[in-house]
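Novice: Quick one: sequence plus predicted model below, questions after.
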Amino acid sequence: MCEQHLHDDERDARPSGPVAFVDELVVALTNARIYSDEHPRVNSAVEVLHEGLQHLLRESDRGRVQIGASDGFIFYAGQPLLGASLSAQRLLQTLEELGSGGLSFESTTTQEDLSSLVRFVSREAKRVDRFDVANSALDKQGCRSVRLLPPYQEASGSWTDKIESEWVEDFESETLQTALDLDLDMELPARIYQDVVGALQDAMVQSCSGKNLDTAPAAGYVESILTQLTHDTTSMMRLSRYEKYDAFTFGHSIRVCFIALNFARHLTKDERLLERIGMAALMHDIGKAWVPFEVLHSTERLSDAERAEMNMHPVHGGQILLDSNNPDPLAVSVAFSHHQNQDGGGYPQSIRLARPSAATMIVKIADVYEALTAVRPYKPKMAPARAYRIMMDMQGFFEPSLLRRFIEVNGVYPVGSRVKLSTGEVGRVIQLTDSPLEPIVSTDQAESGEGLFYEDVQDLDLRERFGKNRIKVDKVLLDAEM
Ligand SMILES: [Fe+2]
Ligand SMILES: [Fe+2]
């Protein structure tokens, strides 16, 4: 019944290199937790992983590839890879429990070796407690080209030290400035994000294996998200923009959760209610776990029958949450109704006396906004203002006053966005003000394109005059320009 729903179809759009390799490893490990060893999904994930390894080996002159794991982050060539680390929580945890500092792959590594590794880490690692015992177990399976490494020596300092001394480019496409921009404020949000991805992976594995969902771990993390959003909205919302690092459908759910919570906390101060809304947002698409893989990832136009299968995900989601160990009616109704419209349209069609609940409407707004503004393989990113215009034109979809409030709260230049100013400087929106077009911007890049030193970084309240002139936002920087 259950088909995996990792984004295999995004592979072509993703960069090759260490980040993609770690992403592929996580995909393979997650698939191996769901399926039997010989299942085609596991085999194809290992095949792609092997291709990724070959690519890295061609680029490396050492004849081997080593992936470090330390302080809850993945390292490559002595540098932390934030993007890769975001999805790799379970792998990092397993390596830590075995006292291992990473993985080493020789140039002779075969697909069978990678299968052994994937099988071992996803299923058998629990039974051993040391990395050298793990290596003996791999030996016995005939896998001698992959090794669990001893603790990662070069990375023995904290993540903080690593950033200050050695942080360089994570991606070919990134400027050094952007890499440096991943500063210390991001460490805690990144750890929360990792935990939530881990919890979502577990939730998917449980749903796919026909077990009842245990929602408690994810609920605990929603509390952390809420606390962190309250204390440091900028870092959290910045992380919600790191979709290019994200190889999974989980990213969509987490971003919808961030966006919905950031909105909802302007509507109510009831912490318990906010936690329930956050949880409902996080789980709104859990029903996709039961949609056949081919339908979920079809790049063709769906046939009527396939469309009908796809449109069942809210019904499946409601069912999965209803069967969970501690069902919350609010989460069940959000999962069931998030594709129903304010005017009675949408799906599933149901005979009901009430319109979708306020919580459902909040999640629905966040869901559509995320889908419009995120990068997908088939479309570039869209500026928030344009997304708002499209949403305003979607007659009957949303509750109009709630949508207006969302636009007000989220802003024309949402917190976390990178913007170019009329002075030519580039910075990040850190706070909205009572004037929608004049947020507070922290500049970090001079007109020349060079990064500013910390002491030159300024927080500019664009409502103020600077000399005779007003400084305005010229434009929001999207992907390539960030
Ligand atoms: Fe959905
Ligand atoms: Fe969704």
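Specialist: Arrived safely, thanks for sending. Numbering: from 1, shown residues only. Ligands and ions are numbered 1, 2, ... in the order given.

Novice: and this structure, which of its residues are near ligand 2?
Specialist: Contact residues, the chain versus ligand 2 (CB under 5 Å from the ion): 285, 367. Backbone N, C-alpha and C define where each C-beta goes, glycine included.

Novice: let's go with 6 Å and repeat that
Specialist: Proximity of the chain to ligand 2 (CB under 6 Å from the ion) is limited to residues 252, 256, 284, 285, 367.

Novice: count of residues packed around the second one?
Specialist: I take that to be residue 256. Around residue 256 sit 28 other residues, with neighbours defined as other CB atoms under 10 Å.

Novice: circling back: any chance of the residues of the chain next to ligand 2 in TSV, plus secondary structure and pLDDT?
Specialist: Formatted as TSV, the entries for the residues of the chain next to ligand 2 read as follows, by DSSP: H, G, I helix; E, B strand; the rest coil; pLDDT from 0 to 100:
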residue	secondary structure	pLDDT
252	helix	87
256	helix	93
284	coil	96
285	coil	94
367	helix	95
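
Novice: Can you name the helix or strand that the spatially closest residue to residue 416 that is not a sequence neighbour falls in?
Specialist: Using CB to CB, 6 or more residues apart in numbering and skipping residues adjacent in sequence, the residue nearest residue 416 is residue 237, 3.5 Å away. Following DSSP states H and E, one finds residue 237 within helix 233-239.

Novice: so what does that helix touch, helix or strand wise?
Specialist: Helix 233-239 is packed against helix 187-208, helix 216-231, helix 250-264, strand 426-431, with contacts defined by 3 or more CB pairs under 8 Å, 6 or more residues apart in numbering; DSSP states H and E.

Novice: How about it, which residues are buried there?
Specialist: When burial is assessed from 16 or more other CB atoms under 10 Å, helix 233-239 yields the following buried residues: 233, 234, 235, 236, 237, 238, 239.

Novice: low pLDDT regions in the stretch 301-450 of the chain?
Specialist: Residue ranges of the stretch 301-450 of the chain with pLDDT under 70: 351-354, 375-379.

Novice: Helices along that one, start to end?
Specialist: Ranges of helices in the stretch 301-450 of the chain, per DSSP state H, counting those that start in this stretch, are 304-310, 313-322, 329-337, 358-373, 384-393, 400-410.

Novice: In the stretch 51-200 of the chain, what residue lies closest to ligand 2?
Specialist: The shortest separation between the stretch 51-200 of the chain and ligand 2 is 12.8 Å, found at residue 200 (distances taken as CB to the ion).

Novice: what about that residue, how many neighbours?
Specialist: Under the neighbour criterion other CB under 10 Å, residue 200 is assigned a count of 24.

Novice: can you tell me the helix or strand for residue 115?
Specialist: According to DSSP H and E, residue 115 maps onto helix 111-119.

Novice: What is the helix or strand just after that helix packed up against?
Specialist: Note on helix 111-119: by DSSP H and E, the next helix or strand toward the C-terminus is helix 131-140. Secondary structure elements in contact with helix 131-140, counted by 3+ CB pairs under 8 Å, 6+ apart, are strand 146-149.

Novice: List the neighbours of the strand it packs on that are in contact with it.
Specialist: In this structure, residues lying in contact with strand 146-149 by CB atoms under 8 Å, 6 or more residues apart in numbering are 66, 68, 95, 98, 100-106, 109, 113-114, 116-117, 131-132, 134-135, 138.

Novice: before we move on, what about stretch 364-373?
Specialist: Contacts of stretch 364-373 with the rest of the structure, by CB under 8 Å, 6+ apart, involve 252, 255-257, 259-260, 263, 281, 284, 338-339, 356, 381-384, 386-387, 390-391, 394, 397-398, 402-403, 406, 410.

Novice: Filter the residues you listed down to the buried ones and express that as a ChimeraX selection.
Specialist: Typed into ChimeraX, the next command selects the buried ones out of these (criterion: 16+ other CB under 10 Å):
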select :252,255,256,257,259,260,263,281,284,338,339,356,381,382,383,384,387,391,397,398,402,403,406,410
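
Novice: What average pLDDT does the helix holding residue 237 get?
Specialist: Within the predicted structure, the mean pLDDT of helix 233-239 is 78.

Novice: So what touches it?
Specialist: Residues from elsewhere that reach helix 233-239 (CB under 8 Å, 6+ apart): 185-186, 188-190, 192-193, 225, 228-229, 258, 262, 414-416, 428-431.

Novice: Any of the residues you listed buried? List them.
Specialist: Among the contacts of helix 233-239, those buried by neighbour count (16+ other CB under 10 Å) are 186, 189-190, 192-193, 225, 228-229, 258, 262, 414-416, 428-430.

Novice: Can you name the residue of the stretch 151-300 of the chain nearest to ligand 2?
Specialist: Distance from ligand 2 to each residue of the stretch 151-300 of the chain (CB to the ion) is smallest for residue 285, at 4.4 Å.

Novice: my guess is that residue contacts residue 252, does it?
Specialist: Yes. Here residue 285 lies in contact with residue 252, judged by CB atoms under 8 Å, at a distance of 7.0 Å.

Novice: what's the offset of stretch 25-33 from the middle of its chain?
Specialist: Mean C-alpha position of stretch 25-33 versus that of the full chain (CA atoms, centre = their mean, to the nearest Å) differs by 16 Å.

Novice: could you turn that stretch into PDB, dropping everything but the C-alphas?
Specialist: Below are the C-alpha coordinates for stretch 25-33, written out as PDB (Å, rounded to 0.1, in the frame of the first residue of the first chain):
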ATOM      1  CA  LEU A  25      22.900   8.500   1.400                       C
ATOM      2  CA  VAL A  26      20.000   9.700   3.600                       C
ATOM      3  CA  VAL A  27      17.500   8.800   0.900                       C
ATOM      4  CA  ALA A  28      19.000   5.300   0.700                       C
ATOM      5  CA  LEU A  29      19.000   4.800   4.500                       C
ATOM      6  CA  THR A  30      15.400   6.000   4.800                       C
ATOM      7  CA  ASN A  31      14.300   3.700   2.000                       C
ATOM      8  CA  ALA A  32      16.100   0.800   3.700                       C
ATOM      9  CA  ARG A  33      14.100   1.400   6.900                       C
END
